[in-house]
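K.L.:
Fold the following and give me the result.
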Amino acid sequence: MTKSRADQRLVDLGLAESRARAQALILSGNVFLGDRRVEKAGQGVAMDAALTVKGRDHPWVSRGGMKLAHGLDHFSWDVAGAVAIDVGSSTGGFTDVLLSRGAAKVYAVDSGTNQLAWKLRQDSRVIVHEQTSARILTPTHICEPVDLIVCDASFIGLAKVLERPLTFAKPQARVMALIKPQFEAGRDAVGKGGV
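P.N.:
Below you'll find the model as predicted:
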């Protein structure tokens, strides 16, 4: 019998938008084969397996959305009508949250490629800039002043990655960025085991 990975089967069944999303559903314990919980994304299942998703871990295209949603709620920020830049957009969790809360437009900037969820690529409010470092943004990329900059970037400190995006900020613009100490402190300040 031919088998498929559980995460790929979820995508094939239309129960997840991407393998990354399928993996998140599996890790959250929400995927079942019959009455048995699927424990691993790479678990082999029959090509015709009837997987089911019970419950939902979150409504966003990635778990990253939970971080921004919490931050916006905590600080009571209203993003309705805002034009935003999502630095390090990846799958688009932050972009998804912004759109769901009424953002007018989001410039999704990421140095990677083919990561942004399909539903966001198809949304006319999203301007996709893949294979684009935030450090080289120009007015060709960001055509207007922005109200908000959100950032969940890895492998680079915030001072470096936000320098160019901040040049597009309106005077009263806000920034919400995840601080990752291992990228802020420098190699000499971070031990072998990390932070």
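K.L.:
what are the ranges of the strands in the protein?
P.N.:
For the chain, strands defined by DSSP state E occupy the ranges 3-5, 31-33, 36-37, 44-46, 51-53, 83-87, 105-109, 126-129, 146-151, 169-177.
K.L.:
Which strands and helices lie in contact with the fifth one?
P.N.:
The helices and strands touching strand 51-53, judged by 3 or more Cβ pairs under 8 Å, 6 or more residues apart in numbering; DSSP states H and E, are helix 6-12, strand 31-33. For every residue, glycine as well, the C-beta is placed using N, CA and C.
K.L.:
looking at the ones you listed, which is buried most?
P.N.:
Here the criterion is mean neighbour count by mean count of other Cβ atoms under 10 Å, and of the helices and strands packed on strand 51-53 the winner is helix 6-12, at a mean of 22.
K.L.:
Check the offset of that one from the chain's centre.
P.N.:
Averaging C-alpha positions (Cα atoms, centre = their mean, to the nearest Å) puts helix 6-12 20 Å from its chain's average.
K.L.:
any idea of the mean pLDDT for it?
P.N.:
Confidence for helix 6-12, expressed as mean pLDDT, is 92.
K.L.:
need the contact list for residue 107.
P.N.:
Under the criterion of Cβ atoms under 8 Å, 6 or more residues apart in numbering, the neighbours of residue 107 are 83, 84, 85, 86, 127, 129, 141, 142, 146.
K.L.:
Domains in the protein, by residue range?
P.N.:
Domain assignment for the chain, taken from automatic domain parsing, gives 3-53, 64-181.
K.L.:
comparing those domains, which gets the lowest mean pLDDT score?
P.N.:
domain 3-53 has the lowest average pLDDT among the domains of the chain, namely a mean of 90.
K.L.:
how long is that one end to end?
P.N.:
With Cα to Cα, to the nearest Å as the measure, domain 3-53 spans 19 Å from end to end.
K.L.:
Now the longest helix along the chain - C-alpha only, PDB.
P.N.:
Secondary structure assigned by DSSP state H gives helix 64-74 as the longest helix of the chain. This file holds the C-alpha atoms of helix 64-74, laid out as PDB (Å, rounded to 0.1, in the frame of the first residue of the first chain):
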ATOM      1  CA  GLY A  64       3.300  33.600  14.300                       C
ATOM      2  CA  GLY A  65      -0.100  35.300  14.000                       C
ATOM      3  CA  MET A  66      -0.800  34.500  17.700                       C
ATOM      4  CA  LYS A  67       2.200  36.600  18.700                       C
ATOM      5  CA  LEU A  68       1.000  39.700  16.900                       C
ATOM      6  CA  ALA A  69      -2.600  39.200  17.800                       C
ATOM      7  CA  HIS A  70      -1.600  39.100  21.500                       C
ATOM      8  CA  GLY A  71       0.600  42.200  21.200                       C
ATOM      9  CA  LEU A  72      -2.100  44.200  19.400                       C
ATOM     10  CA  ASP A  73      -4.700  43.200  22.100                       C
ATOM     11  CA  HIS A  74      -2.300  43.800  25.000                       C
END
